[in-house]
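In: Okay, sequence plus prediction incoming.
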Amino acid sequence: MTTENTSAPEFRFAAVTFDCADPAELSRFYAEMFGLPVTFSSDDFVFLGGKDGAGLGFNRLSDYRRPTWPDPAQEKQAHIEVGVADLDTAEAHLLSLGATKPETQPQPDRWRVLLDPAGHPFCITTLV
C-alpha cells in the first residue's frame, strides 16, 4: 500500500546473470551474438555491457549442471528470447558460434530453441 507522501523507488534493468562452469567461454559466445564488450572479468565472473549500461553476467558455479531441456531431469531455470530478422540465417550463425539445436522444436516456423555452450536454452524469434 502506498501513501501520498511516499513515492515508489526508481528501478532500472541492469543485467541477467547466467551460472556456468566456465564464465570466459560462455561470455565469448554471447559477446559474439550481441556484439557486447567485456566490461569486467575475473576468474569467476565476466560481465558484458552495452551502451545503455544493461548487460549480461556469467558466474562460475563449481557444481554447475547443464539443463537437460526438454528432459525435465535438470530443468531450465530461465531463458532469453532473441529477436532476429531471419530465423534460418540467425540459426546458422549461432550454430557456427557454438550453439546446438535440440531435436524438440515446439514451433520452428515461429521460433527456434537453441542451447548455448553451457546448455542454457534460448529462443530466436522473428521480429514482427
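Out: Received it, and whenever you're ready, just let me know what you need. Numbers count the residues shown, from 1 in each chain.

In: show me where this protein has helices.
Out: With DSSP state H, the ranges of helices along the chain come out as 23-34, 87-97.

In: Please name every helix or strand in contact with the first one.
Out: On a contact count with 3 or more Cβ pairs under 8 Å, 6 or more residues apart in numbering; DSSP states H and E, helix 23-34 meets strand 38-41, strand 45-49, strand 55-60, helix 87-97. Glycine gets a C-beta too; all of them are placed from N, C-alpha and C.

In: quick one: average pLDDT of the third one?
Out: Along strand 55-60, the predicted local confidence has a mean pLDDT of 94.

In: for stretch 82-102, same thing?
Out: Stretch 82-102 carries an average pLDDT of 95.

In: In that stretch, which residues are buried?
Out: Taking 16 or more other Cβ atoms under 10 Å as the neighbour-count basis, stretch 82-102 is seen to contain the buried residues 82, 84, 87, 90-91, 94, 98-99.

In: what residues are up against the residue positioned nearest the centre of the chain?
Out: Centre of the chain computed as the mean C-alpha position; nearest residue by Cα atoms, centre = their mean is I80, 5.1 Å away. When contacts are counted by Cβ atoms under 8 Å, 6 or more residues apart in numbering, I80 touches 16, 122-123.

In: now swap in F58 and tell me
Out: By Cβ under 8 Å, 6+ apart, the neighbours of F58 are 17-18, 20, 23-24, 26-27, 30, 45-48.
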